[in-house]
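Colleague: predicted model follows, preceded by the sequence.
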Amino acid sequence: MLKTLTKIFKVGIVTEPLFSDKTSTEFEKTGSICKKLIATKFSGSFAIRQIDAGSCNGCELEIHALNNPFYSIERFGIHFVASPRHADLLLVTGPVSRHMQAALITAYEATPNPKLVIAVGDCGACGGEFGCSYASCGAVSNVIPVNGIISGCPPTPTELLRGIINILTKK
């Protein structure tokens, strides 16, 4: 134990900083733009229902990062909800597996109008490496209408927020 502690003190911190100031300020600027859009178009509160339609969970990790203390998107008026009946936006990840096809259609139909749908990640955009097969419908747009796409494998939290802004400015 003493050897390990001595080595730790000799070597010191070997990791790089978590975020640079540039990344932090970029997210803050993007968030303030998003907050203004939500205040004018949605009376200050925007609800998102995230649906995993068969992904590898890489995109979900980045979406969950949006709720951590560093990003904390709730301060911009964005909230994740448990039911599509309360959602303004469906955030769909992964290629749509045949088993999730009916559930995705049901969630889409349960979402009140005007409903927005964003396909997240390369798999949601075009089916990714899974494509269309006996087990996969491929892209989200093959199953339900999509208003926007956030590409990346997986997209970063900043890219996710930019994608939400893009869909809100189109609306």
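Modeller: The structure has been received and is ready for your questions. Residues are numbered from 1 along each chain as shown.
Colleague: counting neighbours, what do you get for G152?
Modeller: Around G152 there are 17 other residues, counting by other Cβ atoms under 10 Å. Just so you know, the C-beta spots here come from the backbone N, C-alpha and C atoms, and that holds for glycine as well.
Colleague: in space, what's closest to it - neighbours in sequence excluded?
Modeller: With Cβ to Cβ, 6 or more residues apart in numbering as the criterion, G152 has its nearest non-adjacent residue at 5.7 Å, and that residue is E159.
Colleague: phi and psi next, for the one you found.
Modeller: phi -70, psi -40 (degrees, to the nearest 10).
Colleague: touching, it and I150? I think so.
Modeller: Yes. Counting by Cβ atoms under 8 Å, E159 touches I150, with 6.1 Å between them.
Colleague: and these two? Which one has more around it.
Modeller: The neighbour count for E159 versus I150, taken as other Cβ under 10 Å, is higher for I150 (26 against 16).
Colleague: what number of residues lie near E26?
Modeller: Neighbour tally, E26, other Cβ under 10 Å: 15.
Colleague: so it is in contact with T156, correct?
Modeller: No. Using Cβ under 8 Å, E26 makes no contact with T156, being 10.5 Å away.
Colleague: name the spans of the chain whose pLDDT lies under the cut-off.
Modeller: For the chain, applying pLDDT under 70 flags the ranges 13-24, 171.
Colleague: for it, what spans make up the helices?
Modeller: Assigned by DSSP state H, the chain shows helices spanning 2-11, 21-41, 58-65, 98-110, 121-126, 157-170.
Colleague: can I get the CA coordinates of the first one in CSV?
Modeller: Taking Å, rounded to 0.1, in the frame of the first residue of the first chain, the C-alpha atoms of helix 2-11 are listed here in CSV:
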residue,chain,number,x,y,z
LEU,A,2,2.8,2.4,0.9
LYS,A,3,4.5,1.7,-2.5
THR,A,4,1.3,2.6,-4.3
LEU,A,5,0.8,5.8,-2.4
THR,A,6,4.5,6.8,-3.0
LYS,A,7,4.1,6.2,-6.7
ILE,A,8,1.0,8.3,-6.8
PHE,A,9,2.7,11.2,-5.1
LYS,A,10,5.8,10.9,-7.4
VAL,A,11,3.9,10.7,-10.7
